[in-house]
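Enquirer: Model the structure of this input:
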Amino acid sequence: MTDTIDYGNLMHRAMRGLIQEVLIGISKDGLPGEHHFFITFDTMHPDVEIADWLSDRYPGEMTVVIQHWFDNLDVTDEGFTITLNFGDSPETLYIPYDSIQTFVDPSVEFGLRFESQPEEDAAAAPEAPMDEMVEPEEPAQEERKEAEVVSLDQFRK
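Expert: As a prediction, this is how the structure comes out:
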């Protein structure tokens, strides 16, 4: 048993489960109304499967749009396979949930961002308590600005 609860990984797992649930619904019933998705993923993730020309063109990350035309959406517990059109050239992609960096549905102003840390850095980095401000180290010659605490109420409708 560990001394702390790993809220970051628990939250990421829940968010990936939400993406899976949404995609399962889309695979069964199609996209409702004006819904569409921008999904950015790490093309270098070891389980990503994309055409060589796509990985050459997008060597770090790639954003796909699921909107007007897509085919063969197959959703699993680990990721999803989808055929998308790239300039009149249909390509099949396999995108594991662990490779997803952002998931956005602009039609309803909904988005998820997955923050990632290299595994060895994450294990070595201590977690700061919520009531402490941790400022990143910056070069001395740059002017430092004071951090601001922002209430989320100002973003609610």
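Enquirer: Let me know the helix or strand that M11 is in.
Expert: helix 7-29 (DSSP states H and E).
Enquirer: I'd like the mean pLDDT over that helix, please.
Expert: Per-residue pLDDT values over helix 7-29 give a mean of 92.
Enquirer: Name the residues of that helix that are buried.
Expert: 12, 15-16, 19-20, 22-23, 26 (16 or more other CB atoms under 10 Å). Just so you know, the C-beta spots here come from the backbone N, C-alpha and C atoms, and that holds for glycine as well.
Enquirer: from those, which single one is nearest P96?
Expert: Using CB to CB, R16 comes nearest to P96 of these, at 9.4 Å.
Enquirer: downstream neighbour of the helix holding M11 in the secondary structure list?
Expert: As the chain continues past helix 7-29, the following element, by DSSP H and E, is strand 37-42.
Enquirer: Next secondary structure element downstream of that next one?
Expert: helix 52-57.
Enquirer: Next SSE downstream of that following helix?
Expert: strand 61-66.
Enquirer: Report all helices and strands that the helix holding M11 contacts.
Expert: strand 71-75, strand 100-105, strand 110-113 (3 or more CB pairs under 8 Å, 6 or more residues apart in numbering; DSSP states H and E).
Enquirer: Give the partner strands of the last one in its sheet and their orientations.
Expert: Applying DSSP bridges to the sheet, strand 110-113 is found paired with strand 100-105 (antiparallel).
Enquirer: Quick check: M15 touching F110?
Expert: No - judged on CB atoms under 8 Å, M15 makes no contact with F110 at a distance of 11.4 Å.
Enquirer: thought F110 was touching F38?
Expert: No - in this structure F110 lies outside contact range of F38 using CB under 8 Å: 10.9 Å.
Enquirer: rewinding a little: any chance you could list what contacts the helix holding M11?
Expert: 66, 73-75, 77, 80, 97-98, 100, 103, 112, 114-115 (CB atoms under 8 Å, 6 or more residues apart in numbering).
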